[in-house]
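# Curious how this folds, go ahead:
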Amino acid sequence: MLLARPLTAYSRWMSNPAEAPDVVADCPHCGKPLPLCICDSVTPIESRVQLLILVHPQEQDKALGTARLTARHFEHAVVRIGLSWPSLAKALGRPVADPSRWAVLYLGSAKAEELDTDAEIVAINRNGELEPDQRSILGRIEGIVLLDGTWSQAKALWWRNPWMLKCQRVILGPKQPSRYGQLRREPRRDGLSTLEAAAMLLAGLQKRPEIAAALIDSFDRMLARFREVQANMPELAPKPKKRDYRRRRRS
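The predicted structure follows:
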């Protein structure tokens with residue numbers, strides 16, 4: 001088993017890829033193969049709004065996934081892998097949690113660009129319509145639930161956890177497409193990585209752009225590391241394959 005720190009392993013293997021072992025260990029924190037890990041550069045972020053990330057068990061893209069990297073920034077962030085939980089409290093691992101004070105990001109068929117708003121964070125009702133008092137609704141949010149997986153996997157998580165209907169559903173209207181670019185092409189402009197979604201939501205709800213800046217900085221480092229490893233150890237960072245983008249939602 002490899003015991004070297006991620007940065008040490010990365011530097012050694014990139015200087016001489018031929019010395020890389022046949023089996024590369026994963027980082028115990030972010031879950032990525034050690035050459036792709038950037039945990040050594042993750043900076044803690046204080047946040048009033050809590051974060052719960054639910055990962056579909058079939059989401060296998062460790063190389064470009066961002067769920068665990070996102071959670072690394074926040075002391076009390078919770079990552080759960082599974083299909084269903086009986087309640088928000090159970091998902092969080094707490095005795096009590098009020099879902100009415102939480103929001104869940106689920107795009108589904110709703111699009112912010114089709115609603116009468118230019119806001120980047122949009123609260124909608126069960127019919128996919130704008131909630132009447134956006135500022136008041138978003139101002140009372142204490143936590144965010146993010147669904148990590150493909151489009152079909154996110155839909156499965158949504159339907160298998162009926163307690164989410166007690167949360168405030170939100171969607172995003174980003175001004176720019178995902179920074180994944182050609183590494184992971186999205187079927188919709190509002191299809192973002194979990195990290196980018198967290199950046200928009202946590203920064204926007206708290207009026208703290210420095211949160212988004214810190215998270216996006218980590219995302220850029222992750223993508224830069226991926227491209228470097230792709231050039232030297234392509235087996236760890238393969239080029240994207242053609243996918244059925246009609247069903248995709250990115251992690």
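# quick one: residue 156 from residue 139, how far?
31 Å (CB to CB, to the nearest Å). Bear in mind the C-beta positions are built from the backbone N, C-alpha and C, glycine included.
# hang on, I meant residue 99
17 Å.
# quick one: which of these two has more around it?
residue 99 (19 against 9; other CB atoms under 10 Å).
# Do a quick rundown of the helices in the chain.
Secondary structure of the chain, counting by DSSP state H: helices at 6-15, 67-72, 88-92, 134-139, 151-160, 194-206, 209-232.
# which one of those has the lowest average pLDDT?
With a mean of 54, helix 6-15 has the lowest mean pLDDT of those.
# Test my guess that residue 43 contacts residue 73.
Yes. The criterion here is CB atoms under 8 Å, and residue 43 meets it with residue 73 at 7.1 Å.
# Between those two, tell me which one has more neighbours.
The neighbour count for residue 43 versus residue 73, taken as other CB under 10 Å, is higher for residue 73 (22 against 10).
# so what's residue 173 closest to, chain neighbours aside?
Nearest non-adjacent residue to residue 173, counting by CB to CB, 6 or more residues apart in numbering: residue 112, 3.1 Å away.
# What residues does residue 95 make contact with?
For residue 95, the contact set (CB atoms under 8 Å, 6 or more residues apart in numbering) comprises residue 89.
# From residue 73, how far out is it?
Computed as CB to CB, the residue 95 to residue 73 distance reads 26 Å.
# thinking again about what came up before, who's in contact with the residue nearest to residue 173?
Residue 112 touches 119, 120, 122, 171, 172, 173, 190, counting by CB under 8 Å, 6+ apart.
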